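A.B. asks: My questions are about this predicted structure, shown below with the sequence.
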Amino acid sequence: MSIRSKISAISYYLPEGRLTNDDLFREFSKYPPEEIFKRVGVKERPIRGANQIGSDLAYESSLVLFKEHNVNPSEIDFLLFCTEGLDYKGPATACIMQDRLGLGKYIGAMDVPMGCAGFTNGLSVAKALIESGQAKKVLLQTADIPSSVIHPNDLELRMLFGDAGASVLISKCDSEDSDAGQIGNFAFGTDGSGAENLMVKRSNTRTPVDTDWLEEHKDVGGMLYGRMEMDGLEIFSFSMREVPSLVREILSRNNLELEDIDLFVFHQANAFILKMLARKLRIDQSKVFNCMEYIGNTVSASVPIALKEAEKQGKIKPGSTVLTAAFGIGYSWSGTVLKY
Amino acid sequence: MVIEDFIGKLEEEFDDVAAGSIKPDTDFRNIEDWGSMHALIVIALIDTEYDITLSGADLRSVNTIQELFDLVKSK
């Protein structure tokens, strides 16, 4: 019988800082707090501490995972670390993380530097490693700190994004597991022609920060990690164009129909996109999970947080069939079906 | 597909716009309180009603409701 894989545990960590709609109203006096909520579906967002970066949030989330789910770190035989804010250009942050978490020396560890679609892309790699017999327990960390690359004047971005880290343990299914927790077949999409529409400018080798940049951003600390720029209209159009086709492709690759899905857990991009995807797919809004109110869009951490929250709220139960899909920066998009 | 229906649907989607206030020659950026959210609503409406996904560049290439309607019809 072929090897199958499942998600066996999810935990997440939110940094302590919070940015509320009241804070944004005080600072910009453009939209009243309730108007911000109406526009993006977010009331407050977790914000990193001054010295916290993505790997710190990932590390904390793994400590929570080990404790909450009684996971023995020595059983992990592969580490995937997903973020858009790696510690260094070299070495890989996954190598540093192996040591920091005290994982075994004879394991694989790799970075997956993807954004919004990072969780589903990473999950596909974890599934491939397990189902090809090369690993038994994969730790997939997804963590991002979008607040570090948002200019303080960019209200539209600050309304949306939060910082968070998540840890997901993917394991080999036991023979008695039947379909429980089975990770289904994936569908993928990539369109680099949309890269410019969501990009962290001046963030790496092609266009590094220079003295002119530092001078221009002197009043806000230099924007040392780069500056996120988003064409919201193009990103929305991309989501409406590609996500419904992605959903149909995922269903087809798993021999399922739309009606077979109990809950859709999409990347928590913004509440308006989630609502419009439901409308376009002609599914009830209640079937599209939304937990953005107190978390916002946490980039690669958004889907695992949403899966965990949906389970906590009883919207995912044993026996549930969940379609999960993530999409965004790249453009990159992917998704699969999870059987609980 | 006639422009009157199209306008009626737009007016329904915009909470803050009175029925009958949008005309074919209205420059939609001059609609009261027009903002980025309205542009998203226009793309969403056209997508869910007519199954045509306009790009941001498409929407930026037109000014009046008539031009927008013609663009949708041409797709």
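C.D. replies: Sure, I can see it. Numbering: from 1, shown residues only, chains lettered A, B, ... in the order given.
A.B. asks: Helix or strand: which one has whatever residue of the stretch 101-250 of chain A ends up closest to chain B?
C.D. replies: Going by C-beta to the nearest C-beta, chain B is nearest to A:Leu233 of the stretch 101-250 of chain A, at 3.4 Å. C-beta coordinates here come from the backbone N, C-alpha and C atoms, glycine included. Using DSSP states H and E, A:Leu233 maps to helix A:232-253.
A.B. asks: Going by contacts, tell me the helices and strands next to that helix.
C.D. replies: The helices and strands touching helix A:232-253, judged by 3 or more C-beta pairs under 8 Å, 6 or more residues apart in numbering or on different chains; DSSP states H and E, are strand A:187-190, helix A:271-281, strand A:321-328, strand A:332-339, helix B:36-50, helix B:56-60.
A.B. asks: what's the angle from it to helix B:36-50?
C.D. replies: Inter-element angle recorded for helix A:232-253 and helix B:36-50: 40 degrees (by axes from the mean of the first three to the mean of the last three C-alpha atoms, to 10 degrees).
A.B. asks: pLDDT on helix A:232-253, on average?
C.D. replies: Across helix A:232-253, pLDDT averages out at 97.
A.B. asks: Next one: the nearest residue to the residue of the stretch 101-250 of chain A closest to chain B once chain neighbours are set aside from B:Glu12, what distance?
C.D. replies: Nearest non-adjacent residue to A:Leu233, counting by C-beta to C-beta, 6 or more residues apart in numbering or on different chains: B:Gly56, 3.4 Å away. Distance of B:Gly56 to B:Glu12, given as C-beta to C-beta, to the nearest Å: 23 Å.
A.B. asks: So if I had to pick from the two, which one is more boxed in?
C.D. replies: A count of neighbours by other C-beta atoms under 10 Å in any protein chain shown puts B:Gly56 above the other of B:Gly56 and B:Glu12, at 19 against 11.
A.B. asks: Just to check, that one is in contact with A:Ser237?
C.D. replies: Yes. The criterion here is C-beta atoms under 8 Å, and B:Gly56 meets it with A:Ser237 at 5.5 Å.
A.B. asks: who touches both of the two?
C.D. replies: Jointly contacting B:Gly56 and A:Ser237 under the rule C-beta atoms under 8 Å, 6 or more residues apart in numbering or on different chains are B:Ile43.
A.B. asks: residue nearest the centroid of chain B?
C.D. replies: Geometric centre of chain B, nearest residue: B:Val42, 4.8 Å, by C-alpha atoms, centre = their mean.
A.B. asks: swap in chain A?
C.D. replies: A:Ser300 (2.0 Å).
A.B. asks: can you list the helices and strands packed on helix A:232-253 in CSV and add distance to A:Asn153 and mean pLDDT?
C.D. replies: Listed next are those as CSV, based on distance: least, C-beta to C-beta, whole Å; pLDDT from 0 to 100:
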stretch, distance to A:Asn153, mean pLDDT
strand A:187-190, 32, 98
helix A:271-281, 22, 96
strand A:321-328, 22, 98
strand A:332-339, 28, 98
helix B:36-50, 15, 92
helix B:56-60, 21, 95
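A.B. asks: Would you tell me which of the ones you listed gets closest to B:Ile22?
C.D. replies: Proximity to B:Ile22, assessed across the helices and strands packed on helix A:232-253 by C-beta to C-beta, is greatest for helix B:36-50 (11.4 Å).
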